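Asks: The following comprises the amino acid sequence and a computationally predicted model.
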Amino acid sequence: MHGGPMFRMQPFLAVPSRLLIAPQDLRTADATNAADIYGGRFLFSGHLVETQGRSPFELKATHEDWQRELHSFGWLRDLRAADSQIARQNARALVEDWIKFSGRWHDIGWEAPVVTRRILSWLAHSPFILMDGDHDFYRSFVKSLARQVRYLRQTMNETDDGVDRLHAALAIASACLSMADQGRFARQSVRRLEHELNRQILPDGGHISRNPRALIDILADLLPIRQAFVSQGLEMPQAMLQSVDRMMPLLRFFRHGDGALAHFNGMGSTPSDLVATILAYDDARGAPPLNAPHSGYQRLVGGASVTLIDTGPPPATSVSGDAHAGCLSFEFSSGGNRIVVNCGVSPKSNPLWRRVARSTAAHSTATIEDTSSCHFLSEKPFGRMLGAPILWGPVNVPVEREDDKAGSRITASHDGYAAEFHVVHERDMRLSGDGTVLDGIDTFVGVASIDPDHRYAIRFHLHPAIRTSMIRGGSAVLLVCRDGEAWEFEAPGSELAVEESIYLSDVYGHRKSEQIVLNGAVLEAPSVAWQFRKTATARLSRRGTSDFDEVDELPLGDGESNIVEP
């Protein structure tokens, strides 16, 4: 109704007289891409398209994700980084092409998230685009920008809840601050932004989707808008100040020693450069919290070791489109070595990998009969319209925490398997104060009659850099990190095996990895104790740094490539 044919038929006369400011773009640019774009080679989302002298906006038979990235105009930052007259003219020509071919409508180019990103990109790079341009182009640019803002304003309530809707509110507020003659629209946009921030940012700084990636994406757009308020001499909305102050510590909360964020509920590979830029705006720079009760996570710290645990139920159905069935999963790191991980999220737009990544088996926790603890809406036939949100999963996830000089302990349980298998999974974990021992006990508590054939699998997915070998006659596993640090894993009395796994969140693609698996029958062995114990520290080179600093690439197993293709 709001964004369909009737919108496209409406005349648009409310053109702002000028642009006032240009919010900063915090995302990293790559000037080397400018030459490819000028040559008509567009590499987006893993797909290379050569335009052969035509405008990319004329092309039809291209991948949808490629089109989304094209129409989002995030690549303008690469042209701007080139800082040349040719790059500026090329940017202006491509903007003109978009207005000509897609300015009225495009099935993908006018999707709300794409419009949001395009508005933010056009605003941020407007000085670069408009420099040396004539008055007619300036007028056309501002008119198209204002028309897109009006579209987003009218369709915002139909935008998917969660990050997409908050980004839409951020884009509208940014545009109203940047364009002249906005009047009541500016006041309305600030009120709506405050409403979304208060609704979506939890008291501990997490996002209602429980996805750590949401913090990065929101802060990357929120911080420039905060600076725009300062530049305009306007009073800062209280919700904006509070949200930034709450999110910054939680962003540190999810970080391992190597700077990567834990792979929970949709978090993929960490954009380290963007995270570093965001954290540079953190004035407090305090230690991360240890407890995020509203977001449903716990952090154990001992010496140089960090353990992060998912101790929350799945988010609300409306914001669970990227959430995972990973309740009670954990990640464990020591210094710069990530040891136990979750499989993460594939950068490839592939429904199969998406289903694999969201399953409980892709997480370092327990499964029963290889079944996920959450049930997802089938992607067929509803996936196109509704995605695949979580329909139901764990409801009760009680958590207890103890901290003393000897270490930190977390005890938590979830009832995600209670309805189908009559079992509650309980996990008790303790990290020693010096960080050299991580103890755990997984217990399966019956709440009704249990089928004697039901079996569990407790999985510990290992980072691809970890090398394993069975020791003590197969009763323990030796884990060796790239810098020589070593750990032993043992689970006395359990069926222990090392199996193949896959790490989906590497920046270079999917990578082969391994997982430790403990198998057993729920009735025969309802409680399993396990332990990670440090047995060797990292070797130091002559420079006083670890070998990891000197050896960038080590053999990844029998001379075979470690990259896994779908």
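Replies: That came through fine.
Asks: which SSE is Glu331 in?
Replies: Using DSSP states H and E, Glu331 maps to strand 330-334.
Asks: name the helices or strands packed onto that strand?
Replies: In terms of contacts (3 or more C-beta pairs under 8 Å, 6 or more residues apart in numbering; DSSP states H and E), strand 330-334 is packed against strand 305-310, strand 337-341. (Glycine included, C-beta is placed from N, CA and C.)
Asks: Give me the contacts around that strand.
Replies: When contacts are taken as C-beta atoms under 8 Å, 6 or more residues apart in numbering, the neighbours of strand 330-334 outside the stretch itself are 256-258, 262-263, 304-310, 338-342, 364-365, 429, 435, 438, 481, 485, 487, 532, 534.
Asks: filter the residues you listed to the buried ones?
Replies: Burial by neighbour count, 16 or more other C-beta atoms under 10 Å: within the contacts of strand 330-334 this picks out 256, 262-263, 304-310, 338-342, 364-365, 429, 435, 438, 481, 485, 487, 532, 534.
Asks: how close does the nearest residue to Met470 once chain neighbours are set aside sit to Ala486?
Replies: In this structure, Met470 finds its nearest non-sequential neighbour in Val477, 6.1 Å apart by C-beta to C-beta, 6 or more residues apart in numbering. Spatial separation of Val477 from Ala486 under the definition C-beta to C-beta, to the nearest Å is 11 Å.
Asks: Those two: which has the busier surroundings?
Replies: The residue with more neighbours, out of Val477 and Ala486 and counting by other C-beta atoms under 10 Å, is Val477; that gives 24 against 16.
Asks: element containing the more buried one, please.
Replies: Taking DSSP H and E as the criterion, the element that holds Val477 is strand 476-480.
Asks: Now that strand: buried residues?
Replies: Within strand 476-480, the residues that qualify as buried by neighbour count (16+ other C-beta under 10 Å) are 476-480.
Asks: quick check, Gly493 in a strand?
Replies: No: secondary structure assignment (DSSP: H, G, I helix; E, B strand; the rest coil) places Gly493 in coil, not in a strand.
Asks: where are the low-confidence patches of the stretch 251-400 of the chain?
Replies: Low-confidence segments of the stretch 251-400 of the chain, defined by pLDDT under 70: 379-386.
Asks: how about the strands in it?
Replies: Taking DSSP state E, counting those that start in this stretch to define them, one finds strands in the stretch 251-400 of the chain at 291-292, 297-302, 305-310, 330-334, 337-341, 366-368, 375-376, 390-392, 399-404.
Asks: Go ahead and name everything in contact with the last one.
Replies: Where contact means C-beta under 8 Å, 6+ apart, the residues beyond strand 399-404 that reach it are 290-291, 293, 298, 311, 408-412.
Asks: picking that back up, quickly run through the sheet partners of the strand holding Glu331, with directions.
Replies: Each strand that strand 330-334 pairs with, and the sense of that pairing, follows from DSSP bridges: strand 305-310 (antiparallel), strand 337-341 (antiparallel).
Asks: Could you export that strand as PDB, CA atoms only?
Replies: What follows is the C-alpha trace of strand 330-334 in PDB, where atoms were taken according to Å, rounded to 0.1, in the frame of the first residue of the first chain:
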ATOM      1  CA  PHE A 330      30.300 -22.000  24.400                       C
ATOM      2  CA  GLU A 331      33.500 -20.700  22.900                       C
ATOM      3  CA  PHE A 332      36.900 -20.900  24.600                       C
ATOM      4  CA  SER A 333      40.200 -19.100  23.900                       C
ATOM      5  CA  SER A 334      43.600 -18.700  25.500                       C
END
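Asks: Low-confidence regions, this structure specifically.
Replies: By pLDDT under 70, the low-scoring segments of the chain are 1-13, 379-386, 540-566.
Asks: before we move on, back to that, closest to Arg27 out of the strands of the stretch 251-400 of the chain?
Replies: Taking C-beta to C-beta as the criterion, Arg27 comes closest to strand 337-341 out of the strands of the stretch 251-400 of the chain, the separation being 24.5 Å.
Asks: Mind exporting the C-alpha coordinates of the closest one to CSV?
Replies: What follows is the C-alpha trace of strand 337-341 in CSV, where atoms were taken according to Å, rounded to 0.1, in the frame of the first residue of the first chain:
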residue,chain,number,x,y,z
ASN,A,337,44.4,-18.7,20.3
ARG,A,338,40.7,-19.6,19.8
ILE,A,339,40.4,-23.2,20.7
VAL,A,340,36.7,-24.2,21.0
VAL,A,341,34.3,-22.4,18.7
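Asks: Of the contacts of strand 399-404, which pair is most distant in space?
Replies: Put simply, by C-beta to C-beta the two of those set farthest apart are Pro293 and Arg409, 16.0 Å from each other.
Asks: what's in contact with the helix or strand that contains Asp136?
Replies: Using DSSP H and E, the element containing Asp136 is helix 135-155. The contact list for helix 135-155 (C-beta under 8 Å, 6+ apart) reads 2-3, 7, 12, 14-16, 18-19, 92, 95-96, 99, 103, 110, 112, 115-116, 118-119, 122-123, 126, 129-130, 133, 168, 171-172, 175-176, 179, 185, 189.
Asks: Select only the buried ones of these in ChimeraX?
Replies: Selecting only the buried members of these in ChimeraX, with burial defined as 16+ other C-beta under 10 Å, works like this:
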select :3,7,16,19,92,95,96,99,103,110,112,115,116,118,119,122,123,126,129,130,133,168,171,172,175,176,179,185,189
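Asks: Among the contacts of helix 135-155, which ones are in strands?
Replies: Secondary-structure check on the contacts of helix 135-155 using DSSP state E: no residue lies within strands.
Asks: Could you list which of the contacts of helix 135-155 belong to helices?
Replies: Using DSSP state H, the members of the contacts of helix 135-155 that fall in helices are 7, 92, 95-96, 99, 112, 115-116, 118-119, 122-123, 126, 129-130, 168, 171-172, 175-176, 185, 189.
Asks: contacting residues around Gly435?
Replies: When contacts are counted by C-beta under 8 Å, 6+ apart, Gly435 touches 301-305, 334, 534.
Asks: Which one of those is nearest to Gly268?
Replies: Within the contacts of Gly435, the smallest distance to Gly268 is 22.5 Å, found for Ser334 (C-beta to C-beta).
Asks: What about that closest one, how many residues nearby?
Replies: For Ser334, the count of nearby residues is 26 (other C-beta under 10 Å).
Asks: Does Leu479 touch Arg467 like I think?
Replies: Yes: in terms of C-beta atoms under 8 Å, Leu479 counts as a neighbour of Arg467; the distance is 7.4 Å.
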